[in-house]
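> Structure for the following, please:
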Amino acid sequence: MARIKLCFLWHMHQPFYRDLVSGEYRLPWVRLHALKDYYGMVQILEEFPSIRQTFNLVPSLLLQLGEYAAGKAKDRFLDVTLKEAELLTDEEKEFLLSFSFRANEQRVIHRYPCYAELWYRMRHNGHIPGRLVGAFTAPMIRDLQVFSQLAWFDEEYLAHDAEINALKEKGHDFTLEDQQLLGRKQQELLGKVLAAYGQAAARGQIEVATSPFYHPILPLLCDSNIADVAHPYVALPAQFAYPGDASAQMTEAKSYLERAIGVAVRGLWPPEGAVSDEVLARAAEAGFLWTATDDGVLERTLGHELAPEDKYRPYLWQRGDQKIHVLFRDHRLCELIGVVYARMDAEEAADHFVRELHKVCDGMLRLGHEATVPIILDGENAWERYRGNGRPFLRALYRRISEDPKLQAVTITEALEGADPVHLQRIFPGSWIDGNFDIWIGAEEDNRAWELLLEARRRFDKATSATPENRRLAWEELMVAEGSDWCWWYGPEHSADSRGEFDSLFRSHLANVYRLLGDPVPETLAHSLLKAHQPPHRGPAGMIQPVIDGKQTSHAEWANAGRYRADHTSGPMHSQRPPIEELRYGSDGQNLYLWLGQGESKQKFDGMELNVQIRNNMAEEFSIKLRLRGQDVEVSSSLTPGAVQAALQDACEIRISLTALRAKPGSQLFIRVEVSNEGLPVGSLPDYGELELKHTVLVAYSF
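I've put the predicted structure just below:
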């Protein structure tokens, strides 16, 4: 019987946060994600022996994880959480307050009532740590020290460790002994991570793959000008062309991982699925037998829309004597797991995923052809948006796969055994994001970063006086600076609270190259590359009274409106443009007016359903549901008849009676807009929580 071979590849990666000169870890994400994700993602497979998967482990992550497990990491973030609260300086308290709330508010912080209360205090003070240094007592500081670590502990560990569970149940008023216990438990869990992968590999349940050592965008290392192929006329920096660096990063990664895990490494996940012919040739030369990228790259390679028989089978790329198998991940199915299912019940999401698999593959199965479906995505960041860190969803999904006779979860090497691949003579140069390289090159910040990297790389080639050890360290710093993560945060596509720290880290790695070579550090490296970005929201400038017709009747009708733009740039995961990009709002004293738009053609609204949830300051809740069909809007609401008017053409415009909302002049209204398409929750405005609307002010709230 033909079956669906389901190839999960979980990509585990962190950039290199350690300064090679000072030895200090500048950000704590290796340690925190080791507590939250790396152990549990592989450990859960013990419950499902028929589920076999591939884990992609990046050496830059494992190298740092090993230092943490050995107790050698210099981590100021950890030190401040373990120090006696009464002995913290004001500067240390401010530092603690600045990083202790960098977690998902809904799923992580609000899981613990006391943690949420501390977060509310921070929010009410404008998220400015300096305002709270004197207001937080020693017991409050200690609670924050504990919660900032406890909240990251993996579900699998919480379920089986009585002492950690006791801390969770205690919930507040922690002691110094509790802090010390948490420090010991962190060390214990960090020491289990690599062993868990080694054990799973030894019993044959997982295959281990890797990425180039410090996670660079390989095609751009080989030749940065190749970005022009995917995006003609993109603004490019001076050409960076060091294909030997790409080969070195791949070769060193393979060797390092085989030593660290003790198994043969056959597969390469090129960072961000970024490929080119040069990259595939060098990957084959480095000894890799397979690689993978996105089906968007396959579509641009073949030059036509993909059918299932195009997508769900292996390919063999060959140029001369070099050849390597290539799989193309299903972008839509990966996005369902990475984005959509976090908003759904775990059992319903698992059911939907399995139905979708059958829907797209059953045609091939009926013809007697096996379908190979690669599901390749981030193995850590998505789960923070899920209930229970995604473990209920994964258990529900793995159980269904185990019980379905048409589904078989296999490693990628297993999927390739006996397969009859389609031959490719070329591959389109691109990444999993829009089939191009725009995230990492082309914007002003990106291009300046590439030019600074090029200057340091050229200086390294010319240096002759450095000691062998300093030259080795300078080379490592260059390889670190070639990583993809720095330019991920440059440019307009992504933003985060730690964006400035990534900028500082990148420039520090380059500055260390010059220091190690005995050269003066260029003055340009002392200055941030970051440009100011437009804030996502602003309050109304005055009254408005638009015509509710779904189009811009005049330039002035929404000119004074408050505006809130969906922030799809935040966080370490890339997401597509949201279904509703912008909310405009305002009042004429009698009505609340809303404008919901995408900035693109109105046809994209067709088939959507909007659920506008409004709460007044007396905690009364109102719901307005809009079904959008063509240019028709079907309205149903809990308000009195005639209280709501809506129209759709270029945007969706809505009028809501303030009297019906029982909103008095100057009172507050809170709003949230949830968007679904074909029964699936595809987005919301804001992403979490709700917005507070006043007549003249907009403040973002999340809970």
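> neighbours of T372, just the number please.
When counting by other Cβ atoms under 10 Å, one arrives at 24 neighbours for T372. Heads up, the C-betas are built off the backbone N, CA and C, glycines and all.
> for R399, same thing?
Neighbours of R399 using other Cβ under 10 Å come to 15.
> Am I right that it is in contact with F48?
Yes: taking Cβ atoms under 8 Å as the definition, R399 is a contact partner of F48 at 7.2 Å.
> Tell me the buried residues in stretch 164-179?
Residues of stretch 164-179 classed as buried: I164, L167, H172, F174, D178, Q179 (neighbour count, 16 or more other Cβ atoms under 10 Å).
> whoops, I mixed them up, stretch 234-254
Buried residues in stretch 234-254 (16+ other Cβ under 10 Å): 234, 236-237, 240, 242-243, 245-254.
> Repeat that for stretch 673-690.
Buried residues in stretch 673-690 (16+ other Cβ under 10 Å): 673-677, 681-690.
> so which of those residues would you say is closest to I412?
For those, the closest approach to I412 (Cβ to Cβ) belongs to V682, at 29.5 Å.
> Assumed that closest one was part of a strand.
Yes: counting by DSSP: H, G, I helix; E, B strand; the rest coil, V682 is part of a strand.
> how about it, what does it touch?
V340, P579, V675, S676 (Cβ atoms under 8 Å, 6 or more residues apart in numbering).
> So for stretch 421-435, first residue to last residue, what's the gap.
22 Å (Cα to Cα, to the nearest Å).
> returning to that earlier point: pick out the lowest-pLDDT one from the buried residues of stretch 673-690.
On pLDDT alone, Y688 ranks lowest of the buried residues of stretch 673-690, at 68.
> what does the lengthiest helix in the chain contact?
Secondary structure of the chain per DSSP state H: the longest helix is helix 346-366. With Cβ under 8 Å, 6+ apart as the test, helix 346-366 has contacts from 2-4, 6, 308-309, 312, 330, 333, 336-337, 340-341, 344, 370-371, 373, 386-388, 392-393, 395-397, 399-401, 404, 406-407, 680.
> how about 6 Å then?
A2, I4, P308, Y341, A371, P392, F393, A396, L397, R400 (Cβ atoms under 6 Å, 6 or more residues apart in numbering).
> returning to that earlier point: from the buried residues of stretch 234-254, which is closest to M543?
Nearest member of these to M543, counting by Cβ to Cβ, is V234, at 43.3 Å.
> Can you give the domain ranges for the protein?
Domains of the chain are assigned by automatic domain parsing as 1-210+265-428, 444-526, 537-701.
> so what's H231 up against?
N436, D438.
> please renumber so the chain begins at 11
Okay, using 11 as the starting number, the last item reads as H241.
> what's the pLDDT at it?
pLDDT at H241 comes out at 94.
> and what of the one 3 residues further on?
pLDDT recorded at V244 is 93.
> tell me the secondary structure for the spatially closest residue to it that is not a sequence neighbour?
Sequence neighbours aside, G452 is the residue nearest to V244 in space, at 4.4 Å (criterion: Cβ to Cβ, 6 or more residues apart in numbering). Applying three-state DSSP to G452 yields a three-state assignment of coil.
> For the spatially closest residue to Q332 that is not a sequence neighbour, which three-state class applies?
Setting aside the residues directly before and after it, Q332 is nearest to A294 in space (Cβ to Cβ, 6+ apart), at 4.1 Å. Following three-state DSSP, the label given to A294 is helix.
> Could you check how many residues crowd around A294?
A294 has 22 nearby residues by other Cβ under 10 Å.
> And it, how far from R329?
Separation of A294 from R329 (Cβ to Cβ, to the nearest Å): 8 Å.
> can you check L267 too?
26 Å.
> For the buried residues of stretch 244-264, work out which two are farthest apart.
The widest separation within the buried residues of stretch 244-264 (Cβ to Cβ) is 31.9 Å, between V244 and K264.
> what's the closest of the buried residues of stretch 174-189 to L299?
I174 (41.0 Å).
> what sits up against the helix or strand containing the closest one?
For I174, the element it lies in under DSSP states H and E is helix 172-180. By Cβ under 6 Å, 6+ apart, the surrounding residues in contact with helix 172-180 are L160, L168, D188, K195.
> one more time with 8 Å
Identification of contacts with helix 172-180 by Cβ under 8 Å, 6+ apart yields Y122, V156, L160, F163, Y167, L168, A169, F184, D188, L191, L192, K195.
> Buried subset of the residues you listed, written for PyMOL?
Selection of buried members from the contacts of helix 172-180 for PyMOL, criterion 16+ other Cβ under 10 Å:
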select buried, resi 122+156+160+163+167+168+184+188+191+192+195
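> out of the contacts of helix 172-180, which one sits closest to D238?
Nearest to D238 among these: F163, at 46.5 Å, using Cβ to Cβ.
> coming back round to it: if we only consider the contacts of V692, which is nearest to E511?
Distances from E511 to those, taken by Cβ to Cβ, are shortest for V350, at 30.4 Å.
> residues in contact with the closest one?
With Cβ under 8 Å, 6+ apart, V350 has these contacts: A359, L690, P691, V692.
> Grab the two from the buried residues of stretch 174-189 that are most spread out in space.
Farthest pair in those, by Cβ to Cβ: I174 and H182, 15.8 Å.
> got the CA coordinates for the longest helix of the chain in CSV?
Extracted C-alpha coordinates of helix 356-376, given in CSV (Å, rounded to 0.1, in the frame of the first residue of the first chain):
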residue,chain,number,x,y,z
ALA,A,356,-4.7,21.0,20.3
GLU,A,357,-7.0,18.1,19.3
GLU,A,358,-8.8,20.1,16.6
ALA,A,359,-5.4,21.3,15.2
ALA,A,360,-4.0,17.8,15.0
ASP,A,361,-7.2,16.6,13.3
HIS,A,362,-7.0,19.4,10.8
PHE,A,363,-3.3,18.7,10.0
VAL,A,364,-4.0,15.0,9.3
ARG,A,365,-7.0,15.9,7.1
GLU,A,366,-4.9,18.3,5.1
LEU,A,367,-2.2,15.7,4.6
HIS,A,368,-4.8,13.3,3.1
LYS,A,369,-6.4,16.0,1.0
VAL,A,370,-3.1,16.9,-0.7
CYS,A,371,-1.7,13.4,-1.0
ASP,A,372,-4.6,11.0,-1.6
GLY,A,373,-4.5,11.6,-5.3
MET,A,374,-1.0,10.3,-5.5
LEU,A,375,-1.8,7.4,-3.2
ARG,A,376,-4.7,6.3,-5.4
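> now N626, which residues is it bridged with?
Taking DSSP bridges as the rule, N626 bridges to L679.
> my guess is it contacts A670, does it?
No: using Cβ under 8 Å, N626 makes no contact with A670, being 10.4 Å away.
> Overlap in contacts, the two.
With Cβ under 8 Å, 6+ apart as the test, N626 and A670 both reach F632.
> A strand includes L55, no?
No: assigned with three-state DSSP, L55 falls outside any strand and is helix.
> Residues touching stretch 564-575, excluding its own?
544, 546-557, 562, 591-596, 603, 605, 695-696, 701, 703, 708, 710.
> What residues of it count as buried?
Buried, per 16+ other Cβ under 10 Å, within stretch 564-575: E567, W568, A571, G572, R573, Y574, R575.
> relative to helix 172-180, how tilted is the helix or strand in which Y125 is found?
In this assignment (DSSP H and E), Y125 forms part of helix 123-134. If you take axes from the mean of the first three to the mean of the last three Cα atoms, to 10 degrees, helix 123-134 sits at 60 degrees to helix 172-180.
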